[in-house]
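> Have a look; sequence and predicted model below, questions after that.
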Amino acid sequence: LAGAQRAGNAARTGCRWLRDAIDAALASGTQFELHYQPFVRLQDRALLGFEALIRWRHPERGLIMPGDFIPVAEASGQICAIGRWALLEAAGQLRRWQAHGFTGEVAVNLSGVQLERDLELLADARATLAALGEVPTHRLKLEVTESMAMANPQRSAEVLQELARMGFKLSIDDFGTGYSSLAYLHRFPFDTLKVDRSFVIRLAAGREAQEIVRTIVGLALALGKQTLAEGVEDEKQAALLEQLGVQVGQGWLFAKALPEAQATEAIRSAPWRR
């Protein structure tokens, strides 16, 4: 019991340290950074865009991955400030890349807390519009997970429809793992269905995962949506996905998440190749 109490105290102390450190990182404006994982057209591996993934470069503890701080930020509500920073940073990056002739997309993940605090999210979206400048709004894609969208489907649909009216593209992440109702899916203005990596990993093991992916592709075609497969790690997976009708791939086969300088170099060498 005493050991459990000590562990609980240590966890609370760690959370307090993280909350304070997150506040300091936000105030500094220099500790958070975005890395960019390419997504490519499976047919010819042409670069279509990047998913922006946040990293925290702490001055004393080095690189901190999102799994180590995002849960605390979501519990504390700090995720809204982090999400606001990510939107504005991605918008600024799109402007810088436009000078290199980049016409693709950058996708930014939203959190469930941001979606719940809808008025704050919409205000952040309007600020992002201003930060984009002359970059077309549709080149910034906002991603939500299936479970997030279905937590309060009616309200989610209203918020997502407003974001779509502003001109943002929208993507539903981890598709196929949750409990989307077809009655609601057509009300969500998603442009892209992202096939969850768990199905991609099982593609070579048998027909079950292949049939699930085939069904998702058929649904996407019927609704006029694009399909993107996450977690593509080898050529066999890429070939199977293309045969099943998936249009876009993302994963370590093509590249890990790249720091800004490396992502810029990938753009300069477009059409992008491994």
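Thanks, I have it. It should be emphasised that the depicted structure is a prediction, and the values quoted were computed from it without experimental measurement.

> Which residue, other than its chain neighbours, is closest to Q226?
Ranked by CB to CB, 6 or more residues apart in numbering and with sequence neighbours excluded, the top spatial neighbour of Q226 is T192, at 4.5 Å. Any C-beta I mention is one placed from the backbone N, CA and C, and that applies to glycine too.

> The one you found and K141 touch, don't they?
Yes - with contact defined as CB atoms under 8 Å, T192 and K141 form a contacting pair (7.2 Å).

> how about L219, secondary structure?
What DSSP: H, G, I helix; E, B strand; the rest coil gives for L219 is helix.

> where exactly do the helices run in this protein?
Secondary structure of the chain (DSSP state H): helices at 2-28, 70-76, 79-98, 112-116, 118-132, 146-151, 153-166, 182-185, 197-201, 207-223, 235-243, 260-268.

> To Q37, which of these lies closest?
With CB to CB as the measure, helix 260-268 is the member of the helices of the chain nearest Q37 (8.8 Å).

> can you list contacts of stretch 128-140?
Outside stretch 128-140, the residues that touch it by CB atoms under 8 Å, 6 or more residues apart in numbering are 49, 87-88, 90-92, 94-95, 98, 103-108, 166-169.

> how does it look with 7 Å?
Here stretch 128-140 makes contact (CB atoms under 7 Å, 6 or more residues apart in numbering) with 87-88, 90-92, 94-95, 98, 105-106, 108, 166-169.

> Next: stretch 143-154.
With CB under 7 Å, 6+ apart as the test, stretch 143-154 has contacts from 107-110, 112, 115, 156, 171-175, 177-180, 184, 188.

> mind running it again at 8 Å?
Stretch 143-154 has contacts (CB under 8 Å, 6+ apart) with 51, 107-112, 115-116, 156, 160, 170-181, 184, 187-188, 194.

> Let me see the contact set for Q114.
Going by CB under 8 Å, 6+ apart, Q114 touches I79, C80, G83, E120, L121, D124.

> try 7 Å this time
I79, C80, G83, L121.

> Nearest spatial neighbour of the first one, chain-adjacent residues omitted?
The reference is to I79. Nearest to I79 is A73, by CB to CB, 6+ apart, at 4.3 Å.

> Please work out how many residues are found near the one you found.
The tally of other residues near A73 (other CB atoms under 10 Å) stands at 23.

> Please report the distance of it from I64.
A73 sits 11 Å away from I64, going by CB to CB, to the nearest Å.
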